[in-house]
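S.K.: no letters, just coordinates:
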């Protein structure tokens, strides 16, 4: 996974000194090529130990490995579309469409980098072997969850997506080993979703989480952690970009599950035919 994408993903949860390092690295990535850890700490105005701890928090053994990862990210950087400006009250429809298109393309590219093949495969196995599946989330995440439940139902899975947090908690209280909770939370800190995952673990049920990258209360309770892009508050507009990222992960899972289940493919064909026949009448 790109070191720069890692930093962006956890940027909003960093301490003051860590935020200074992240900001410098993202704004002046090329400078890292020439700077030692001591020089970087001097430029930013923090201790050298803070720099080392920051690199370790990202999963690197130390500054040299972090530096190589940054250089590798810069060398492999493509001309992926970036967000140019923000949508304002004075933006024209043409500007809105261009900014939104570039933003969504950028989010999809970054989400792809966050996707771990092994975690996806584990998620597919848990879903295909589950007796009952509760997909929980609130707000925009609930909409994504509802869509996922429809997809899984067409493949023959007993998947439910209830938008009410209390109803989710009541349902998961009946779960046992062999059942599965798929928890969606952009921040990974949603209180109601966290409570559902805690109840699932207490009942020996499996949990898959889909949250922002990094350590969060919801992902801490998960057997499999999947990640999506969390929006910066300054760019936030009805969770549009967050849902784009979440739906991308959901669609990848749906296709992978369809490939893995011959019975599911037969049921999908049957459900599609049923709708097609109805529309023809």
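M.R.: All right, it came through fine. Not measured: the values here are computed from a predicted model.
S.K.: spell out, range by range, the helices that occur in the stretch 1-150 of the chain.
M.R.: Using DSSP state H, counting those that start in this stretch, the helices of the stretch 1-150 of the chain run over 3-10, 16-27, 37-44, 48-57, 63-75, 93-114, 117-129, 140-154.
S.K.: how about residues contacting the helix or strand just after the last one?
M.R.: When you say that, I think you mean helix 140-154. Helices and strands here follow DSSP states H and E; after helix 140-154, the next one along the chain is strand 159-160. Strand 159-160 has contacts (Cβ atoms under 8 Å, 6 or more residues apart in numbering) with 132, 133, 134, 135, 148, 149, 152, 153, 171. Yep, even glycine has a C-beta here, placed from its N, CA and C like the rest.
S.K.: kindly recompute the last result at 7 Å.
M.R.: The contact list for strand 159-160, computed with Cβ atoms under 7 Å, 6 or more residues apart in numbering, reads 133, 134, 135, 149, 152, 153, 171.
S.K.: mind giving me a markdown table with the residues you listed and columns for distance to residue 219?
M.R.: Shown next, in a markdown table, are these (distance: Cβ to Cβ, whole Å):
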| residue | distance to residue 219 |
| --- | --- |
| 133 | 18 |
| 134 | 17 |
| 135 | 16 |
| 149 | 21 |
| 152 | 21 |
| 153 | 26 |
| 171 | 21 |
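S.K.: which one of these is nearest to residue 54?
M.R.: Ranked by distance to residue 54 (Cβ to Cβ), the contacts of strand 159-160 are led by residue 135 at 35.0 Å.
S.K.: can you tell me how far residue 109 is from residue 248?
M.R.: 10 Å (Cβ to Cβ, to the nearest Å).
S.K.: neighbour-wise, which of those two wins?
M.R.: Between residue 109 and residue 248, residue 248 has the larger neighbour count (other Cβ atoms under 10 Å), namely 18 against 15.
S.K.: need phi/psi at the more buried one.
M.R.: With angles defined as degrees, to the nearest 10, residue 248 sits at phi -60, psi -50.
S.K.: got the contact list for it?
M.R.: 108, 111.
S.K.: any figure for the gap between it and residue 226?
M.R.: If you go by Cβ to Cβ, the gap between residue 248 and residue 226 works out to 11 Å.
S.K.: can you check residue 110 too?
M.R.: Residue 110 is 14 Å from residue 226, by Cβ to Cβ.
S.K.: I am finished for the moment; much appreciated.
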